[in-house]
Structures are given as C-alpha cells and as structure tokens.
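Colleague: turn this into a model:
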Amino acid sequence: MDVMEAIRARRSVRRFLDKPVPQEAVEALIEALRWAPSAGNLQSRFFYFIFDAGIRKKVAAASLGQMFISVAPLVVVACADIERVSRRYGHRGVELYAVQDAAVAVENMMLEALELGLSSVWVGAFDEAALSAALDLPGRLRPMAVVPIGYPAHSPAPPPRLEKDDIVKIVG
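Modeller: Model prediction:
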C-alpha cells in the first residue's frame, strides 16, 4: 500500500475482534515508533504496550470511562519524556516539541498498524493524573495519547473532509 493510500484508508476503529496481536506485528509497530522524526533527534517519547486485561481496564477507566479501550487486545500509551527534551529546549521543548515528538510517532504507528491489517483509534480524552497513576508513570513522563490496537470488528465509513481551500492558503 502506498503512503497516500494508507493515509486515506486509515479509520478510527473502536470495536475490535477478540484476537491477539502477533509478536511480529508488535515488533513492526515498535519500529514504526522508533523511526519517527523528533526535535533535535532527542526522541523525547516513551511508549507503554499494554496486553494485561486488568491494566487495560484501568487505562479505560482513566480515559473517562471509554471502556471500548479495554476490549482492544493491545493498548499503547504514548508519553512525552519531558526531562529528555527540557535539557536542550527548556519550556518550549516541554510544552511543544515533546508533544510533537509523541504525536508524529503515534501517526507512524497507526499507519503501520493499517499496513498490518490492524486498526486503531487515537484517544486524547483522559484524566492525565489518573492515567499516570494507573501506569505508575515516573514524573518525567507525561501521557499524550491512548491508542487501542487490534483487528477491526467493523469498517467505518470515510469521514467527511474539509475542502482544501478551507484549510490551506498558498503564499507566494
């Protein structure tokens, strides 16, 4: 699948089959995360791959009760490593670059999941303190996204898109 085809085909899926994600797929997802660009190549991000059903339920509860998260066979929690980025970039690194680093890595992973026949959804609605406590995150890590991953139990329709003139202005 070429890149634009993958971008257009990716959907947010919230219903998953009761089928484990194979280890070789997990390794491919990790590689997609590892190769994402980052500010100053600091790679100021860290990821939790959660297979344990009890911990997935805690993550779902911390995600404002979105219990579909607990049904996915794999939940990835993307974190910004604010200590790693703050040493070089200070406040701007903590507030922006670390967030961007985690975000671009998650998008890489979501596209790789699609290539592997898996589906995912980006969940940003969570109680940060509750999620941090559920995973016993060290103080240097700030959760940025919860990403349930698994084999899809449905195929959502394509979402509407704004026209290009509504989102882009060509200058020059």
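Colleague: can you pull up the most central residue in the protein?
Modeller: The C-alpha lying nearest the average C-alpha coordinate of the chain belongs to V106 (CA atoms, centre = their mean; 3.9 Å).
Colleague: verify the contact between it and V146 for me.
Modeller: No - assessed by CB atoms under 8 Å, V106 is found out of contact with V146, at 9.9 Å. Placement of C-beta: from N, CA and C, glycine included.
Colleague: identify the contacts common to the two.
Modeller: 76, 78 (CB atoms under 8 Å, 6 or more residues apart in numbering).
Colleague: returning to what we had before: flag every buried residue along the helix or strand where the residue nearest to the centre of the chain lies.
Modeller: In this structure, V106 sits in helix 98-115 according to DSSP states H and E. Within helix 98-115, the residues scored as buried using 16 or more other CB atoms under 10 Å are 98-114.
Colleague: can you give me the helices in this structure?
Modeller: 3-9, 23-34, 53-62, 68-71, 82-92, 98-115, 128-135 (DSSP state H).
Colleague: what mean pLDDT does the longest one get?
Modeller: Model confidence over helix 98-115 averages 97 on the pLDDT scale.
Colleague: equivalent analysis for the last one, please.
Modeller: Averaging pLDDT along helix 128-135 yields 98.
Colleague: now do the helix holding V106 against helix 82-92, angle only.
Modeller: Interaxial angle, helix 98-115 versus helix 82-92 (axes from the mean of the first three to the mean of the last three CA atoms, to 10 degrees): 120 degrees.
Colleague: for helix 98-115, name the packing helices and strands.
Modeller: The elements that helix 98-115 packs onto, with contact taken as 3 or more CB pairs under 8 Å, 6 or more residues apart in numbering; DSSP states H and E, are helix 3-9, helix 23-34, strand 45-50, strand 74-81, helix 82-92, strand 119-120, strand 141-150.
Colleague: what's it in contact with?
Modeller: Residues contacting helix 98-115 (CB under 8 Å, 6+ apart): 1, 3, 6-7, 9-10, 25, 28-29, 31-33, 35-39, 42-45, 47, 76, 78-82, 84-85, 119-120, 122, 142, 144-145, 147, 149.
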